[in-house]
Each structure stands twice: as structure tokens, then as C-alpha cells.
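>>> just coords:
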């Protein structure tokens, strides 16, 4: 009896989570930020390492703490991370993804849309803050920029 109840609760929870994820994905299609980029190196988003390849980047919400979904074209690699708004002194000419490189590890840092002076900055993970502290004694991280296309 307890096993059946637990199984039913687990199934109900799974259905709710699936409905929530589907709603987020369909809502993301209607928001302004949806990019595609070929990233030629493995990179880290939050605490996930994603393989080099073709990626779609989608803004999940339009609030000040907007989340970004980063998903490989084949669907095998994905991450979701909160961001914060950042301002540039003038409008960007190209849509870009900015990475911070510590040694051989690249961290997705910012997403910028062409024609806008506001971008999204990925909130640093614990691992990136640690890498930043270690590197700060000798130098600053290398900044690497990839041009992206708007879908």
C-alpha cells in the first residue's frame, strides 16, 4: 500500500515537473533573446561542462534576474543559469557571447545582442570564483568573444 502511494506521488510530481519545463520552453520561444552559436571549445556554465559544438541560447524570463537556457543542437548538453543585467557605454554592433578563460577552462560570462547597450551576465559559480581568486595573484582571465546569430 505504501509503495503504491509513493509511486503515485512520484508519478504526479514527474508530471508537474514535465508540465513546468514544457511551459518554460514554449514561453522562451516568444521572448526576444534566442541565439545560435558555434562554440569551438568546451566551456562551463554554472557547474556543468558543455562540449564544443552548435548551441542555442534562450532567455527564459524577462525579469531583472532572467535565466538563460544553453542547449546543444543535438540536445545532449544543456544548462540553465541565472543572469543579471549589465550595461555597456554604447550599443553593440554584433551579437556576441563572452567567455572568461582561466588556464584551459572557459566560462560563459556574458551575452550581448546587436543594437542594444544592455547585456546579460551569467552569475559566477563557486568554481569560477575560486579560479578567479587563484589567477588574481598573477594576472586577469583572458576574455574570448564568439559572434552569435539571432534566430
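Arrived safely. Model, not experiment: these values are computed from the prediction.

>>> residues contacting the longest strand seen in the chain, please?
In the chain, with assignment by DSSP state E, the single longest strand is strand 78-87. Strand 78-87 is touched from outside by 45-46, 48, 50, 60, 64-72, 108, 110-111, 117-123, with contacts defined as C-beta atoms under 8 Å, 6 or more residues apart in numbering. All C-beta atoms are positioned from the backbone trio N, CA, C, and that covers glycine.

>>> which among these end up buried?
45-46, 50, 60, 66-72, 108, 110-111, 119-120, 122 (16 or more other C-beta atoms under 10 Å).

>>> quick check: domain ranges of this protein?
1-30, 33-150 (automatic domain parsing).

>>> in CSV: those, plus mean pLDDT.
Output for the domains of the chain, formatted as CSV (pLDDT from 0 to 100):
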stretch, mean pLDDT
domain 1-30, 52
domain 33-150, 90
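
>>> next SSE downstream of the longest strand of the chain?
Downstream of strand 78-87, the first helix or strand assigned by DSSP states H and E is strand 96-102.

>>> sheet-wise, list the partners of that next one with their directions.
Strand pairing for strand 96-102, using DSSP bridges, gives strand 105-112 (antiparallel), strand 142-147 (antiparallel).
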